[in-house]
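Asker: Here is a sequence with its predicted model. Questions after.
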Protein chains: 6
Amino acid sequence: MNLPFEYDQVAVGEFGGTTPTTTDFANSRVVILPIPLDRTTSYVPGTRNGPHEILVASSHMELWDEETQTDVHSVGIYTLPEMEFPFATMDEVIREIRRVASELVSRDKFVFVLGGEHSITPAVVAAMAAKHPGLSVLQIDAHADLRESFMGTPHNHACAMRRTLEYARTTQVGIRSLSPEEAAAAAALPTEIFYDFNMREHADWIDRVVDSLSETVYITIDVDGFDPAIMPATGTPEPGGLSWYEALTLLRRVIEQRTVVGCDIVELTPLAGHVAPNFLCAKLIYKILSYRFRSALKS
Amino acid sequence: MNLPFEYDQVAVGEFGGTTPTTTDFANSRVVILPIPLDRTTSYVPGTRNGPHEILVASSHMELWDEETQTDVHSVGIYTLPEMEFPFATMDEVIREIRRVASELVSRDKFVFVLGGEHSITPAVVAAMAAKHPGLSVLQIDAHADLRESFMGTPHNHACAMRRTLEYARTTQVGIRSLSPEEAAAAAALPTEIFYDFNMREHADWIDRVVDSLSETVYITIDVDGFDPAIMPATGTPEPGGLSWYEALTLLRRVIEQRTVVGCDIVELTPLAGHVAPNFLCAKLIYKILSYRFRSALKS
Amino acid sequence: MNLPFEYDQVAVGEFGGTTPTTTDFANSRVVILPIPLDRTTSYVPGTRNGPHEILVASSHMELWDEETQTDVHSVGIYTLPEMEFPFATMDEVIREIRRVASELVSRDKFVFVLGGEHSITPAVVAAMAAKHPGLSVLQIDAHADLRESFMGTPHNHACAMRRTLEYARTTQVGIRSLSPEEAAAAAALPTEIFYDFNMREHADWIDRVVDSLSETVYITIDVDGFDPAIMPATGTPEPGGLSWYEALTLLRRVIEQRTVVGCDIVELTPLAGHVAPNFLCAKLIYKILSYRFRSALKS
Amino acid sequence: MNLPFEYDQVAVGEFGGTTPTTTDFANSRVVILPIPLDRTTSYVPGTRNGPHEILVASSHMELWDEETQTDVHSVGIYTLPEMEFPFATMDEVIREIRRVASELVSRDKFVFVLGGEHSITPAVVAAMAAKHPGLSVLQIDAHADLRESFMGTPHNHACAMRRTLEYARTTQVGIRSLSPEEAAAAAALPTEIFYDFNMREHADWIDRVVDSLSETVYITIDVDGFDPAIMPATGTPEPGGLSWYEALTLLRRVIEQRTVVGCDIVELTPLAGHVAPNFLCAKLIYKILSYRFRSALKS
Amino acid sequence: MNLPFEYDQVAVGEFGGTTPTTTDFANSRVVILPIPLDRTTSYVPGTRNGPHEILVASSHMELWDEETQTDVHSVGIYTLPEMEFPFATMDEVIREIRRVASELVSRDKFVFVLGGEHSITPAVVAAMAAKHPGLSVLQIDAHADLRESFMGTPHNHACAMRRTLEYARTTQVGIRSLSPEEAAAAAALPTEIFYDFNMREHADWIDRVVDSLSETVYITIDVDGFDPAIMPATGTPEPGGLSWYEALTLLRRVIEQRTVVGCDIVELTPLAGHVAPNFLCAKLIYKILSYRFRSALKS
Amino acid sequence: MNLPFEYDQVAVGEFGGTTPTTTDFANSRVVILPIPLDRTTSYVPGTRNGPHEILVASSHMELWDEETQTDVHSVGIYTLPEMEFPFATMDEVIREIRRVASELVSRDKFVFVLGGEHSITPAVVAAMAAKHPGLSVLQIDAHADLRESFMGTPHNHACAMRRTLEYARTTQVGIRSLSPEEAAAAAALPTEIFYDFNMREHADWIDRVVDSLSETVYITIDVDGFDPAIMPATGTPEPGGLSWYEALTLLRRVIEQRTVVGCDIVELTPLAGHVAPNFLCAKLIYKILSYRFRSALKS
């Protein structure tokens, strides 16, 4: 924006908006890509407002991370405008998301996608896997999302991981909801499921999750993987799920022991007048970036 | 439901549920068909909850109409279960709605459809027009809905009347929102538009609306045709619009001077904790039925 | 409250709380009696919060009335604490309300009751009628409330006016909802009904309302008598109803031409996060008091 | 419903509505009885909407239980229509609930009651205890509910367990709110209280709860027994309380070691726009049924 | 934003965001200046979210105005970023707003300010009056805002017009709330007040408003000037007020007969989950711009 | 209140309002001082309603504390009216709060302040420290609040503890949000920080907190110190934080081993329609008082 005069401005639509350090695409290590897709969600609609509310919340975060003793903002975080989808079919939508993700991957950006519904993940993983052969996917989620198709389409969010398996093998954490058909199919699929009801029974569950992952990892976080106590703002909030510090410990361990090349956070459906879930997402993104780039900052 | 014992039950999912007179499909003159379709709505989602909330509200209505001095409930009002759409494409959805509507029309039912989004109307009109050649359509709406296609599909709710025109000519009342492209196209289309900003300037505007209609009429009411003061519960609530008594006077006049063969009310997106708009829809249906069947009741 | 030191305090629970002029019971001409009864309401519960929210709203009103050119606050308005009902039966509740109202009437206070549900009105009218033989009641309401009994009790709010008729004749304004049984019974009851759908067809409708009233009048206002556009905060919000200025004109005329000895406003069910309806009630009370005591203030 | 044509329907008002397997009363092992009673609740009203919202939520559940490796739906779950209460007194209400519960018990159904307020429990327990001598009751609750009477009636929800003790001895779990009078009375009553603040201090607390129960057990779950973090939707949400997995572990253990003959879940007051608490209730019911009938399914 | 690749983007933070025609500051005739100031508002807080919600709503408007038969968007409408206020005192805030407004006025832009609270108006008027000697101000508002100071500061929103009078004379329309002190002071101030309760009694009230204005006019619209039926989203929603078409007729007449040089719309406090008021503001701005620039578009 | 007749009244605005034992200032050991200050809060406004909602919630508490086996109400708890602030500057506000707090301290009351925003704490601590030399402050909070100034003022809530350090040394518990500047400054300040992410790693963390405190302690509780799962009703709800029983254990230990002379609970921003957070605050106050005065009650 070139104005012939200056004044203090609110940075709307930029992750961590309150920072004094502005940045540009070319010099940014991290790119935030908002994809407010909301086509096939059932029950409680509203994922389309997810990215915007995460960005608003992010402008109220403090920028110091007391755990890593860093301000990761300085690696350069560039927030792209929200994608718009003037398309008739999900095939076209998926193709466009894959194209945009590929553009970013080809420029060596660390891509952090903000959904939108979970059906966007396969397209992003496809772009990642083309660049990183042998990629595996860590999914935090309440639902297995392993249906072959749902409500007539293979692109429904209930099929997100079944589609993702076409590009990479997965480890699924926090799972506590699946259909008889998914349960039957899971055994034959290239996925390892950590069911929420028993995953904490062995103290080494996080080690076992890490062991299941290949060297290069993409992380997809469906917010309903969290306990609804801290994440009520989602379409089908299943009781149980990860606590804040369980998720952080898992993510820090994976990032320290593997190479994480991209991430998404999906299925936030903001609740009117209730900002805590939005804020959790903003903070979670910042924690992941702090873990991921702490060594870059300290060297 | 055949139970081996009896008790007083709440009649959930039946229009005007509190009445002591139960009824059956065969002997009902009126059939309520709930179609909670919610696929293409933008901005504020939620039309899928519309039919349910109208039915809940209807159970709190009184059944006497002081204006016509009748209890129209006695003609037999049968509420069908909500349609479900396990289909991938809007083409399939539209085809199924048309099939179900045709089944009802073929049995001489007066069909009252509860939407759901406006994209269901063309399918219902197609069924009606096949039975009633020369049918015309009265639309109460804020939006012209005359786009040829929108967001890649000809079945978007923004195209509802453009599609409807393939089956019947229309009169559009309360219009106060259209695109430059729709404005340009309207002149050549078989439709007469009464713009909200000037439609009350001539005292005879209702006569002129009636005159524009053929003998047999289908009525489609997009709830955003009403003033947002009384109807805030819709996706794009445009200021201006019809008051309660303006709408009643118009509807009564049309029903008295033409033969109305079916009706729909669409685009209600219930607001959490705010029942007045739901109640308005329930009462509006009851008023229309009272006007339509008053003579049947008195003979 | 006797404190050994002073500070600026928020006046919670006092009508028009921001005024600098404090007052006491003995010297107050007007007494506000909050009765948050909420026992028999159906559909949307919550009248118990009505009185409190009206009082909160009243503290944000300005105290000048530009129409009468007065500040009626100076006649002395005393707000009593909310009544509490540690009673098992409605008979006991009704008896206690009547007793308290009688205490106030016997001290020549102008009583303004804040409901709570409409079932409190008969008890207040009983107290008024004992002091003022020949009393008539003006009711503004959407519902006739003429049922003999409802849900097993004669004290349900749906029976409020049937019970009131045991003490005084009534004029009912804004009516647009009644059952077939009430419609049949109304003709033989000492009440005159002005139906909302046609009451404005004769320009002199207000004169006709006034003519129907005896010299001494009690006014009961069910907030659902108003258009839901301005009063959505009630249990069964019926479309149609009085506008703000219609109600003011009617009330001013009645007060100028008759002797109004008391008033109630009932059935407000506050909507979370939505203060306009609460504010309307506060302002309506202040307007009624301004009309009622303007001459006292000017002499 | 006998229609002369077919279409895909939304199953409103049926527990677990999305399943393809319909069922009938006679062949159902489990019967869901919705009792939306809402008469005496104080503070935040709204338990009357509880059963409906639980049923809506249940239609979005997956039907596989990964813990027991079963789909309990196949034992036959029949959902009765909601009870309606056209009665004046709580005595009549209680009598009617007991009668209906007895009808079900006499037909050897496993009855799962959905409240409504806690005052319905004594009537159900009375029906159960008549069939099962020596019945004991496990209560999960924040409140002791041991008042002799409250607000003038012995049927207030604050007296629910005092009334229940007339039919069966109880074990109370999660208690963290009681009056001085209840504390004084408790010692002499046939009840064992596990106070929330110290019940987890001994690792064997669940064993001690089981030991306190007789062979045949009825379970009553007041949702406020849960931590308000996961259950904010209740009238008096007390901090502390059971977590999701604590409750599941307790319930599984009781069901495995005793014979559970019926259950209720009460005091849900749905929050507008906030579905997680409703979903928790639906899932809790499904877990209890999975624990209860897993062996029936596997044999 | 210079990206090395393209995709369809959502235009967040631009008025009328859906238009395909992007624009730049230099070539824009109209500049939207969002000032989300929220420092002194009492009762219901939240004006800080007003500008953002108006811009979001504006992206869902259609761009054709059926009344003027124009698409005013083509004159160039440039939306500035929201102002931020890292200042301790209202004096500094006011000074900065005046400076920014002066920058825009000096570049011959038509400035449309989005508040924020009403206390921003005097600063904008000061900038306008310096350029346009003899400027008068048309205020649409429920409140006179003529207090000399309030809660210790002369910059409170309750003093907005008293401060404005230091730069220009005013005409106040829709007034229905003022204190005894304001009523007493008004007579001696250079302002003409049209009280809402009687301003429609003479059919020529709009002519009289226009007559009271000088040749060059600034318009300030406090949204509480509207009827709360259509504008509940404001801090102190006073019953009564302008309808949508009354406001449009007044504004069109003033714009046709005077030279309007700037405008603001203030005091919107968005209600969670309730978009109609936000949408009204967006549409009102578009109508004013259509009236103002229709001749420019047609020549 | 001296009324010439009696009736059962709702005790609005009194802590624990349902108790039958009324009390007076002189004989009360504990004084509740509501300070609804809401001037500088950013993001989500609304702390001004905090004190009122805590008091409403408190009237629904039971008065027995099962842990200490006491009814602390009997020590005398007097609730003062809410402070009002007709002042222009924060300097004046702070001075007045300090004056009122000093009046209470001089009368040997145990003062429990209800905020309002955190910026009130330094004024209260100033009054306390003047009476109790060597006072230390225990802060439970998500934010360090150690900024030297914010948004142009040293009295912003983001500076609350920096200001407090001018009167007393502090121990900060639950901290999980601070700016790079605060992190850099903290080392040189007389404060000990227990960061939330690692404070539970040593089982003796509570002992270490107690050890850090001097003999005489003031406790300030910013509600955002709690986990947003149980406390979503605050301006910037940071994930992580104290659970209910962690907080109780910490508070009980501090009270048992030190002399606590006063307390505040601040930054509650009530959520419309969501009472659990308000209730938590009321109960927390009652628990603190029970711990503090249990020995006084038993002797």
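Answerer: Arrived safely. Given the structure is predicted, the values throughout are model-derived calculations rather than measurements. Numbering: from 1, shown residues only, chains lettered A, B, ... in the order given.

Asker: When you work out contacts or count neighbours from here on, use the C-alpha atoms and nothing else.
Answerer: Will do.

Asker: In a helix, A:A247, correct?
Answerer: Yes - assigned with DSSP: H, G, I helix; E, B strand; the rest coil, A:A247 falls within a helix.

Asker: Flag the shaky bits of the stretch 151-299 of chain A, pLDDT-wise.
Answerer: For the stretch 151-299 of chain A, the stretches flagged by pLDDT under 70 are A:299.

Asker: Show me the helices in it, by range?
Answerer: A:160-164, A:180-186, A:205-211, A:244-257, A:276-298 (DSSP state H, counting those that start in this stretch).

Asker: Poorly predicted segments of the stretch 1-150 of chain A, please.
Answerer: A:1-2, A:12, A:17-23, A:40-45.

Asker: Identify the residues contacting stretch A:100-112?
Answerer: Stretch A:100-112 has contacts (Cα atoms under 8 Å, 6 or more residues apart in numbering or on different chains) with A:28-33, A:123-124, A:127-128, A:131, A:261-265, E:5, E:7.

Asker: 7 Å instead, please
Answerer: Contacts to stretch A:100-112, defined as Cα atoms under 7 Å, 6 or more residues apart in numbering or on different chains, come from residues A:R29, A:V30, A:V31, A:I32, A:L33, A:V124, A:A127, A:M128, A:V261, A:G262, A:C263, A:D264.

Asker: Only the buried residues of it, if you could.
Answerer: Across stretch A:100-112, burial judged by 16 or more other Cα atoms under 10 Å in any protein chain shown covers A:V100, A:A101, A:S102, A:E103, A:L104, A:V105, A:K109, A:F110, A:V111, A:F112.

Asker: can I get the residues you listed in CSV with secondary structure and distance to A:F293?
Answerer: As requested, those are exported to CSV (DSSP: H, G, I helix; E, B strand; the rest coil; distance: Cα to Cα, whole Å):
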residue, secondary structure, distance to A:F293
A:V100, helix, 23
A:A101, helix, 21
A:S102, helix, 22
A:E103, helix, 22
A:L104, helix, 18
A:V105, helix, 17
A:K109, coil, 13
A:F110, strand, 10
A:V111, strand, 13
A:F112, strand, 13
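
Asker: coming back round to it: out of the helices of the stretch 151-299 of chain A, which one sits most buried?
Answerer: Among the helices of the stretch 151-299 of chain A, the stretch with the highest mean neighbour count (mean count of other Cα atoms under 10 Å in any protein chain shown) is helix A:160-164, at a mean of 25.

Asker: Just give me how far it sits from the chain centre.
Answerer: 14 Å (Cα atoms, centre = their mean, to the nearest Å).

Asker: Give me the helices and strands touching it, please.
Answerer: helix A:121-131 (3 or more Cα pairs under 7 Å, 6 or more residues apart in numbering or on different chains; DSSP states H and E).

Asker: Would you mark the buried spots in the helix it packs on?
Answerer: Residues A:T121, A:P122, A:A123, A:V124, A:V125, A:A126, A:A127, A:M128, A:A129 are the ones in helix A:121-131 that count as buried (16+ other Cα under 10 Å).

Asker: Which element is encountered next along the chain beyond it?
Answerer: Per DSSP states H and E, the first helix or strand lying C-terminal to helix A:121-131 is strand A:136-140.

Asker: who does that next one pair up with?
Answerer: strand A:169-175 (parallel), strand A:216-222 (parallel) (DSSP bridges).

Asker: and the first one, how far from the chain's centre?
Answerer: Relative to the centre of its chain, strand A:169-175 is centred 14 Å away, using Cα atoms, centre = their mean.

Asker: Compute the inter-axis angle for that strand and helix A:244-257.
Answerer: 160 degrees (axes from the mean of the first three to the mean of the last three Cα atoms, to 10 degrees).

Asker: Can you list the neighbours in contact with strand A:169-175?
Answerer: By Cα under 7 Å, 6+ apart, strand A:169-175 touches A:136-144, A:190-196, A:212, A:225, A:241-242.

Asker: Out of these, which sit inside strands?
Answerer: Members of the contacts of strand A:169-175 lying in strands (criterion: DSSP state E): A:S136, A:V137, A:L138, A:Q139, A:I140, A:T191, A:E192, A:I193, A:F194, A:Y195.
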